[in-house]
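1. here is a sequence with its predicted model. Questions after.
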Amino acid sequence: VDATGDDNPLDANYEKALRQSEAARAKVLSNAQRGLFELQGEVCVVGTRVKVFMEDGQWHHGALEGYGEKSGKVRISFDEGRIGTVYAPLDLLNIELAGE
């Protein structure tokens, strides 16, 4: 609170960002409960372990983080830090269930 008694605009921005973050988390939880898409006959949810064959000629393991129904893109967080998180069209990925 500043000298005039008004809230600090930085606090308001923080609160707005926090609300947006909570809404995004709720959406992820909702996706996790209803399933994102089917892969190899299995319904995939947030956290499903997958492997993706990449341009380096190797399979890389990770976990699903999300799927954009309109864009058709899947977000995968890879175990290897050098790869990080990939957001790419599902139909362009050589992706399989990891079976771990």
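-> Cool, the structure landed. Numbering: from 1, shown residues only.
2. can you pull out the helices in this protein?
-> 9-34 (DSSP state H).
3. mind listing what's buried along the biggest strand by length in the chain?
-> As assigned by DSSP state E, the longest strand anywhere in the chain is strand 59-68. If you call a residue buried by 16 or more other C-beta atoms under 10 Å, then strand 59-68 has these buried ones: 60, 62-67. Where you see a C-beta, it was placed from the backbone N, CA and C, and this is true even at glycine.
4. go on, stretch 40-49?
-> Buried-residue list, stretch 40-49, by 16+ other C-beta under 10 Å: 44, 46, 48.
5. again with stretch 91-98
-> Of the residues in stretch 91-98, 93, 95, 98 count as buried by neighbour count, 16+ other C-beta under 10 Å.
6. what comes into contact with it?
-> Identification of contacts with stretch 91-98 by C-beta atoms under 8 Å, 6 or more residues apart in numbering yields 39-40, 42, 44, 48-53, 61, 72, 74, 76.
7. now the residues you listed as TSV including distance to Thr85 and pLDDT?
-> Shown next, in TSV, are those (distance: C-beta to C-beta, whole Å; pLDDT from 0 to 100):
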residue	distance to Thr85	pLDDT
Leu39	18	78
Gln40	22	75
Glu42	22	79
Cys44	16	81
Thr48	15	87
Arg49	15	91
Val50	13	92
Lys51	15	93
Val52	12	92
Phe53	18	93
His61	13	94
Gly72	17	83
Val74	11	88
Ile76	7	91
